[in-house]
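Student: Compute the structure for the input listed below.
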Amino acid sequence: MPKGRNGGIELLLIQSVDHLGKQGDVVSVRPGYANNYLLPQGLATVATDHHKRMVEKHREKLAAIEKARLKSLLDLAAELGKQSVTIEANASDEGHLYGSVSAADIVGALKAMNFDISRDQLRLEGVLKEVGLYSVKVRLHSEVEAEIKVWVVPTSGEDNDNKG
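Tutor: Numbering: from 1, shown residues only. From the prediction side, this is the model:
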């Protein structure tokens, strides 16, 4: 693999990656980041001279592809903005949860609604520990964010009063 600055691996970004670069950029990253994340996720490829020449030749086409991808993400963001997710959790009478609602719980609820969102796209400000309505940001792209409503409600159907 081509070595970049500081002994890293030189990669060509197939898609824009937050805090790293835009599509078509040649970046130098640590081998672990390249081998464990960027390459397996299909976000980058090895920056050979051939790939660099191909990118230069197809910059306009890549820009059009990125523009189309951005539009589809904007459409997804608009659709997500209309959604609200309800998550049941065990709670005390005062509304404090026994445990918490995490990003994984929200992602699971979104997947059930046919939205393919990953945990790292959710922007939670800590875990949700009380019953209530929360606004949670979903970062789809460096330029596209959506906001969904998350209702945390107490689990129903369990009557622990034992009156009698």
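
Student: C-alpha from now on. contacts and neighbour counts both.
Tutor: Fine.

Student: what's the lengthiest helix in the chain packed up against?
Tutor: As assigned by DSSP state H, the longest helix anywhere in the chain is helix 59-81. For helix 59-81, the contact count by 3 or more Cα pairs under 8 Å, 6 or more residues apart in numbering; DSSP states H and E identifies strand 132-141, strand 144-154 as packing neighbours.

Student: Could you say which of the ones you listed is packed most deeply?
Tutor: strand 144-154 (a mean of 19; mean count of other Cα atoms under 10 Å).

Student: In its sheet, which strands sit next to that strand, and in what direction?
Tutor: strand 84-89 (parallel), strand 132-141 (antiparallel) (DSSP bridges).

Student: Which element, helix or strand, includes His51?
Tutor: Taking DSSP states H and E as the criterion, His51 maps to helix 49-57.

Student: can you pull the buried residues of that helix?
Tutor: Within helix 49-57, the residues that count as buried by 16 or more other Cα atoms under 10 Å are Lys52, Val55.

Student: ditto for stretch 111-119
Tutor: Result for stretch 111-119 [16+ other Cα under 10 Å]: buried residues Ile117, Ser118.
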